[in-house]
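Requesting a structural model of the entry that follows:
(2 chains)
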There are 2 protein chains.
Amino acid sequence: MIIFVDMDEVIADTYGAHLELYNSEFNAQIRLEDCHGKGIKQCVAEEHLEMVKGYTARDGFFRNLEVFPDSQEVLRELAKEHEIYIASAAMEYPNSLREKSDWLDEHFPFIPWQHRILCGHKYILKGDLLIDDHSRNLKPFEGRKIMFTSPHNMSDTEFERADNWKEIAAKLL
Amino acid sequence: MIIFVDMDEVIADTYGAHLELYNSEFNAQIRLEDCHGKGIKQCVAEEHLEMVKGYTARDGFFRNLEVFPDSQEVLRELAKEHEIYIASAAMEYPNSLREKSDWLDEHFPFIPWQHRILCGHKYILKGDLLIDDHSRNLKPFEGRKIMFTSPHNMSDTEFERADNWKEIAAKLL
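Here you go, the predicted model:
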């Protein structure tokens, strides 16, 4: 099986990094639970919106993201039986490209460069399964689709869902 | 039609940049015609091979490549009727990622980030046509394949071929 795995909010904790930066810079105490059903931009004070939008353009933002629990172990196991590709819509953020490559080198060295894709639209991907947090990516994909739970997609009921990597393991291993 | 277009040796003159660097650093006079049927590594003196292999890792190498003649005009026309994606096996060279993005911004601004792909293997691409200089990329692709002529692929007779962008225009416009 050819499996495409998104990065942000699937193996990398992008939402949490936004909250951590925001809480520390504005002395706020927003928790992930406060954001259920909302994108990060709906979760912060409106007067801080422009600042928050700039987080992804900061040097080091994508390089220092936390890895989601169990994603390394489960993907390492899946890679024994399947072709695992990382597919991130990273071209929107040119500063992220090298950082994402380095991040994968550090945290997912068992996924070689041949299996890494930094792209825009994902409907040019040909494979059997896409694990992603965005319905705009899942919708046009032709194979099986699993929505990985993130605060921003919690009200979406259109797709098969996994809340964490233990659930992915239960489905696929 | 969804058309994938490779970067190096299809729209960007990577071979020529190698020769220019080599000739200037070793006071040599190798011309492109001298390299017909050979990869760059077969075209330089063996004692210089390690140095030449390092050219692609140099800062600025991919940022400063020349654009192949007519590629901008022809792709701009093709983009009016077709979905054009740039697809480069760039993940092998992490230093190239940002440089390729910036190079596209400068020379192909009409191809937006949503239509840019930096990848490894290309057989995960789903579309109708791939224009590429490497048989290893063309072979597993499911749609129409056009080999773009480069010194290194001149003895390959397996694929439909275009020697330049005027020929691509004659085939597709």
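
who in chain A is up against chain B?
Residues of chain A that fall close to chain B, judged by CB under 8 Å from any CB of the partner chain: A:2, A:4, A:85, A:91-92, A:94-95, A:97-98, A:101-102, A:105, A:112-121, A:123-127, A:142. In short, each C-beta sits where N, CA and C put it, glycine included.

swap the cut-off to 7 Å and go again
For chain A, the residues in contact with chain B (CB under 7 Å from any CB of the partner chain) are A:2, A:85, A:91-92, A:94, A:97-98, A:101-102, A:113-121, A:124-127.

who touches stretch A:58-71?
The contact list for stretch A:58-71, computed with CB atoms under 7 Å, 6 or more residues apart in numbering or on different chains, reads A:11-14, A:16-17, A:55, A:95-96, A:99-100, A:102-103, A:107, A:164-166.

got the contact list for the residue nearest the centre of chain A?
Closest residue to the average C-alpha location of chain A: A:D8 at 2.2 Å, with CA atoms, centre = their mean. Listed by CB under 7 Å, 6+ apart, the contact set of A:D8 reads A:T14, A:S88.

Angles on the backbone of it, please.
When read as degrees, to the nearest 10, the backbone of A:D8 gives phi -60, psi 130.

Can you pull the domain assignment for chain A?
Domain ranges of chain A: A:2-13+A:66-172, A:14-57, per automatic domain parsing.

ranking those by burial, who's on top?
Of the domains of chain A, the one with the most neighbours on average (mean count of other CB atoms under 10 Å in any protein chain shown) is domain A:2-13+A:66-172, at a mean of 19.

how far does that one stretch from start to finish?
Domain A:2-13+A:66-172 has its terminal residues 12 Å apart, counting by CA to CA, to the nearest Å.

Averaged pLDDT, it. What do you get?
Across domain A:2-13+A:66-172, pLDDT averages out at 97.

need the helices for chain A, in chain order.
For chain A, the helices defined by DSSP state H cover A:14-26, A:40-43, A:49-53, A:71-81, A:96-107, A:135-138, A:165-172.

nearest to A:E158, of those helices?
Ranking the helices of chain A by proximity to A:E158 (CB to CB) places helix A:135-138 first, at 6.2 Å.

Not counting the closest one itself, show me its contacts.
With contact meaning CB under 7 Å, 6+ apart, helix A:135-138 is reached by A:D6, A:A89, A:K122, A:L130, A:D132, A:K145, A:M147, A:N153, A:D156, A:E158, A:F159.

These into TSV, with extra columns for distance to B:L172?
Below are the contacts of helix A:135-138 laid out as TSV (distance: CB to CB, whole Å):
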residue	distance to B:L172
A:D6	33
A:A89	28
A:K122	25
A:L130	30
A:D132	32
A:K145	33
A:M147	38
A:N153	39
A:D156	39
A:E158	37
A:F159	37
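
Closest to chain B out of those?
Minimum distance to chain B across the contacts of helix A:135-138 is 8.1 Å, recorded for A:A89 (CB to the nearest CB).

export the domains of chain A to a markdown table and tack on distance to B:K41?
What follows is the domains of chain A, written out as a markdown table (distance: least, CB to CB, whole Å):
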| stretch | distance to B:K41 |
| --- | --- |
| domain A:2-13+A:66-172 | 20 |
| domain A:14-57 | 39 |
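
And those domains: which comes nearest B:L21?
Of all those, domain A:2-13+A:66-172 sits nearest to B:L21, with 22.4 Å by CB to CB.

Farthest-apart pair in the contacts of helix A:135-138, please.
A:A89 and A:E158 (18.9 Å).

closest one to B:G37 among the domains of chain A?
Distance to B:G37, taken as CB to CB, is lowest for domain A:2-13+A:66-172 among the domains of chain A, at 26.5 Å.

just how off-centre is that closest one within its chain?
Distance of domain A:2-13+A:66-172 from the chain centroid (CA atoms, centre = their mean, to the nearest Å) equals 6 Å.

Also stretch A:38-45?
That offset, for stretch A:38-45, works out to 17 Å (CA atoms, centre = their mean).

what are the bridge partners for A:A12, then?
Legend: beta-bridge partners of A:A12 under DSSP bridges are A:D8, A:V67.

OK, contacts around it?
A:L65, A:V67, A:F68, A:W103.

Look up how far A:D133 lies from it.
Per CB to CB, to the nearest Å, A:A12 is found 11 Å from A:D133.

Equivalent analysis for A:P109, please.
Shown here: A:P109 relative to A:D133, a distance of 24 Å by CB to CB.

what's the answer for A:R76, then?
Relative to A:D133, A:R76 is positioned 21 Å away (CB to CB).

ok, the contacts of A:A12 vs chain B, which is closest?
A:W103 (10.8 Å).
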